[in-house]
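Participant: The amino acid sequence is not available; the structure is as follows:
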């Protein structure tokens, strides 16, 4: 039997009601007023309408349209897993196409409408996970099934985002941090089209003549590469491109500031291999219009309206026994993104970074009370807040809102008063247990340094041959645990390593086939905890046990389908586990163009 469905928050009814009655023809004046006068839509506003396709609680997304334009396959989490459903346009009833023990995502109709390629974790080899905030799910293998459901067969091991060639003979896909590949629709050996070691690519799609492949790279660029292979070039700034055969254009989600993840279109010459005109908006509204798909005749665009939030939770925990002792307690709610937080030394308060509205700022929560914002200057953003061991001071990183490459280390009193800059060029920071020094990660080079507060001098932690991110200190201040990108074990794989503060060779904490994030020490140093794929916590023996060799042991048991936990950590006394839990909800909408 399948696991019980995970609890999901209901989506905002206001958005559903507003969009149900929204007909852009009746709002043409509003539409025009939202954009610069120089921008003109390719389709008159009076010929455009938007209607909801799904409105259930939870997540519905990743739509694909059948070639006849009558049916949509999409992904929903209503069963407790990600599963693929089929629904005719104009109907409210679904057909469940998948119902196995695993996640099933990223469906794609074949050009003849007879088959659906999709990604599944059903084989058990690679689970589905989120590699980071606002990134699509990765993991699993590529499978094929009849369009009305039935027995599925695996076509590609280790692949995501399958997309069909125009004649249905091939499928293009990506591999995690490796590049773009192509395989015959019947399976077989895959061919590398565009390698990208260590860089993540998403959503490859062919042009209608099969000569070009468009895709998203991890810098949010929309790129084009010849299907025969060659150099890629950026054609737009945004995410999730799809080919619009009706207008010879690429439709994508524009992620630039001010465009708020609305849908845009840029015309593209398949002959010249470059844009043939300026980009123009398709949707204007609340934003986060993602995952577009276009019907064969170009009259329908379906997309997902996404909402993402991260809020704080704690669970009672025994860090030495490795046990959760009770249910989770929700500490914050609302439409915000909370990352990178720290307990106060007494465990009664939390300081955290929150994106609520415009920009990132530092907030303080005394547990059981209302959160208080500690920084608010709109000219700056503040991240990575860290409570000092005596509880009197908070360290944080500040950067100009318009110049994120310029970062500096600041201190302020625990109530947010008396802010002062002490260092330039830092990124993430950690206090040493005695409060006399601060460990920081250099913004350029990702190497570690120790800053002495008394002398105002820094020294580099010696012998760092690998790339370092997200460091954490042991309670005795002797060891640093951190994430390491290890090109030698699978391209771009994230492992958990440790190094002594006074130098020496790095030690491997965890090197699983998954991405091993956020290592930290138990208060005694007997254990090191880490988190594969931003999901459940595991642990292995730490320095106080002479780094004994042992298989990782899972210590939390959250249902993993759709699970995303950020920056988990424990209180100083080892009795509370704190994390930020991601909630992703979405509904599918249909935009009709032309009469």
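Facilitator: Yep, it's here. Note that the structure is predicted; figures quoted are calculated from it, not measured. Residues are numbered from 1 along each chain as shown.

Participant: going forward, measure contacts and count neighbours with C-alpha atoms only.
Facilitator: Will do.

Participant: So, low pLDDT: which residues of the stretch 51-200 of the chain?
Facilitator: Low-confidence segments of the stretch 51-200 of the chain, defined by pLDDT under 70, are located at 198.

Participant: Contact partners for residue 327?
Facilitator: By CA atoms under 8 Å, 6 or more residues apart in numbering, residue 327 lies in contact with 315-316.

Participant: Apologies, that question was intended for residue 591.
Facilitator: Under the criterion of CA under 8 Å, 6+ apart, the contact list for residue 591 reads 48-51, 300-302.

Participant: redo that, cut-off 6 Å
Facilitator: Contacts here follow CA atoms under 6 Å, 6 or more residues apart in numbering; on that basis residue 591 touches 49-50, 300-301.

Participant: Counting neighbours, what do you get for residue 476?
Facilitator: The tally of other residues near residue 476 (other CA atoms under 10 Å) stands at 12.

Participant: and it, how far is that from residue 575?
Facilitator: The gap separating residue 476 from residue 575 is 18 Å, by CA to CA, to the nearest Å.

Participant: so residue 223 touches residue 234, yeah?
Facilitator: Yes. Counting by CA atoms under 6 Å, residue 234 is a contact partner of residue 223 at 4.1 Å.

Participant: Please identify which of these two sits among more neighbours.
Facilitator: For residue 223 against residue 234, the residue with the higher neighbour count under other CA under 10 Å is residue 223, and the figures read 23 against 17.

Participant: show me what contacts the closest residue to residue 533 other than its chain neighbours?
Facilitator: For residue 533, ignoring the flanking residues on the chain, the nearest one in space by CA to CA, 6 or more residues apart in numbering is residue 515 at 5.1 Å. For residue 515, the contacting residues are 494, 532-533, by CA under 6 Å, 6+ apart.

Participant: Give me the pLDDT for residue 515.
Facilitator: Model confidence at residue 515, expressed as pLDDT, equals 88.

Participant: could we number from 14 for the rest of this?
Facilitator: From this message on, residue numbering opens at 14, which makes the last subject residue 528.

Participant: Check the gap between the residue nearest to residue 127 when sequence neighbours are not counted and residue 100 for me.
Facilitator: Closest residue to residue 127 apart from its sequence neighbours, by CA to CA, 6+ apart: residue 160 at 5.2 Å. Between residue 160 and residue 100 the computed distance is 12 Å (CA to CA).

Participant: do the same with residue 488
Facilitator: With CA to CA as the criterion, residue 488 and residue 100 are 55 Å apart.

Participant: One more: residue 76?
Facilitator: Relative to residue 100, residue 76 is positioned 10 Å away (criterion: CA to CA).

Participant: How about residue 430?
Facilitator: Between residue 430 and residue 100 the computed distance is 56 Å (CA to CA).

Participant: same thing with residue 137?
Facilitator: From residue 137 across to residue 100, the span is 28 Å (CA to CA).

Participant: quick one, which of these two is more surrounded?
Facilitator: Looking at residue 137 and residue 100 with other CA under 10 Å, you find the greater number of neighbours at residue 100, namely 18 against 12.

Participant: gap between that one and residue 597?
Facilitator: The value you get for residue 100 to residue 597, if CA to CA is used, is 22 Å.

Participant: and if you look at residue 138?
Facilitator: 25 Å.

Participant: In terms of neighbours, single out the busier of those two.
Facilitator: A direct count of neighbours by other CA under 10 Å for residue 138 and residue 597 places residue 597 higher, at 19 against 13.

Participant: all helices of the stretch 414-563 of the chain, in order?
Facilitator: Under the criterion DSSP state H, counting those that start in this stretch, helices are not mapped anywhere in the stretch 414-563 of the chain.

Participant: Could you chop the chain up by domain?
Facilitator: The record assigns the chain these domain ranges, following automatic domain parsing: 26-311, 321-597.

Participant: Which of those domains comes out lowest on mean pLDDT?
Facilitator: Out of those, the stretch the model trusts least by mean pLDDT is domain 26-311, with a mean of 85.

Participant: Quick one: distance of that domain to the chain centre.
Facilitator: When distances are taken as CA atoms, centre = their mean, to the nearest Å, domain 26-311 is centred 16 Å away from the chain's centroid.

Participant: Also stretch 335-345?
Facilitator: For stretch 335-345 - counting by CA atoms, centre = their mean - the centre lies 24 Å from the chain centre.

Participant: so how far does it reach from one end to the other?
Facilitator: Stretch 335-345 stretches 25 Å from its first residue to its last (CA to CA).

Participant: residues of it that come out buried?
Facilitator: Taking 16 or more other CA atoms under 10 Å as the basis for neighbour counts, the residues of stretch 335-345 that come out buried are 335, 337, 344-345.

Participant: before we move on, back to that, by neighbour count, which of the contacts of residue 604 wins?
Facilitator: residue 314 (23 neighbours).

Participant: neighbours around the closest residue to that one other than its chain neighbours, how many?
Facilitator: Nearest residue to residue 314 in three dimensions, chain neighbours excluded: residue 307, at 4.6 Å (CA to CA, 6+ apart). Here the neighbour count serves as a burial measure; for residue 307 (other CA under 10 Å) it reads 25.

Participant: Please tell me how far residue 307 sits from residue 331.
Facilitator: 51 Å.

Participant: Can you tell me the element the nearest residue to residue 597 once chain neighbours are set aside falls in?
Facilitator: With CA to CA, 6+ apart as the criterion, residue 597 has its nearest non-adjacent residue at 4.6 Å, and that residue is residue 321. Using DSSP states H and E, residue 321 maps to strand 313-331.

Participant: quick one: buried residues of that strand?
Facilitator: Residues of strand 313-331 classed as buried by neighbour count (16+ other CA under 10 Å): 313-320, 322-331.

Participant: contacts for it?
Facilitator: The list of residues contacting strand 313-331 from outside it, by CA under 6 Å, 6+ apart, reads 74, 301-307, 336-339, 341-346, 348-351, 588-605.

Participant: Now residue 354. Nearest residue, chain neighbours left out?
Facilitator: According to CA to CA, 6+ apart, the nearest residue to residue 354 is residue 365 (4.0 Å).

Participant: Wait, the one you found touches residue 356, no?
Facilitator: No. Counting by CA under 6 Å, residue 365 stays clear of residue 356, with 8.9 Å between them.

Participant: Could you give the bridge partners of residue 592?
Facilitator: According to DSSP bridges, residue 326 are recorded as the beta-bridge partners of residue 592.

Participant: ok, it to residue 548 distance?
Facilitator: As it turns out, when the distance is counted by CA to CA, residue 592 lies 11 Å from residue 548.

Participant: One more: residue 581?
Facilitator: 10 Å.

Participant: between those two, which one's more packed in?
Facilitator: residue 581 (28 against 25).

Participant: Need the phi and psi values for the more buried one.
Facilitator: Recorded main-chain torsions at residue 581 are phi -70, psi 150, according to degrees, to the nearest 10.

Participant: How about the contacts made by it?
Facilitator: For residue 581, counting by CA under 6 Å, 6+ apart, the contacting residues are 591-592.

Participant: Now which of the contacts of strand 313-331 would you call buried?
Facilitator: Among the contacts of strand 313-331, those classed as buried by neighbour count (16+ other CA under 10 Å) are 74, 301-307, 337, 344-345, 349-351, 588-605.
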